[in-house]
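Novice: What would the 3D arrangement of this be:
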Amino acid sequence: MPIKRFLEDLRRRGELDKYMSLLANAFNPVAADSVMCRSLVSVSWDGNLYDCDFNQQLNMPAGNGKRSVWDIQSFAEMNEGRIALADHCYGCTAGAGSSCGGEVI
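Specialist: Modelled structure (predicted):
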């Protein structure tokens, strides 16, 4: 996943554009159907909500505007609104996919 240390290593070696192009060109809409952010949430130790574990590591709050478990009455509210996306999201949708739900066959 192109985040944190791996992202910095790609930048340092001048390979980030090539790697991101590889991920984007390998986009698989079937894999996109089963990514974590479509059916699960990530909750930090202090109750903050994130659309996935990678977004939590990047401190990207849930895209629907609900910031913590204290801001919602039910997790069903997480189905409302958008998912926070960035370039690293191509990592879960490339090829056979990569998510907490497993890869597509």
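
Novice: what about residue 62, how many neighbours?
Specialist: 27 (other C-beta atoms under 10 Å). Every C-beta, even on glycine, is put in place using the N, C-alpha and C of the backbone.

Novice: do residue 74 as well
Specialist: Neighbour number of residue 74 under other C-beta under 10 Å is 7.

Novice: what sits against it?
Specialist: For residue 74, the contact set (C-beta atoms under 8 Å, 6 or more residues apart in numbering) is empty.

Novice: any idea how far it is from residue 67?
Specialist: The gap separating residue 74 from residue 67 is 15 Å, by C-beta to C-beta, to the nearest Å.

Novice: Pass me the low-pLDDT residue ranges in this structure, would you?
Specialist: Along the chain, the parts satisfying pLDDT under 70 run over 99-105.

Novice: quick one: the helices in it?
Specialist: Using DSSP state H, the helices of the chain run over 4-12, 16-25, 29-32, 53-57, 90-93.

Novice: for those, which one sits closest to residue 40?
Specialist: helix 53-57 (9.1 Å; C-beta to C-beta).

Novice: which parts of that closest one are buried?
Specialist: For helix 53-57, burial by neighbour count (16 or more other C-beta atoms under 10 Å) applies to 53, 54, 55, 56.

Novice: Next up, the contacts around the last one.
Specialist: When you say that, I think you mean residue 56. 42, 44, 48, 50.
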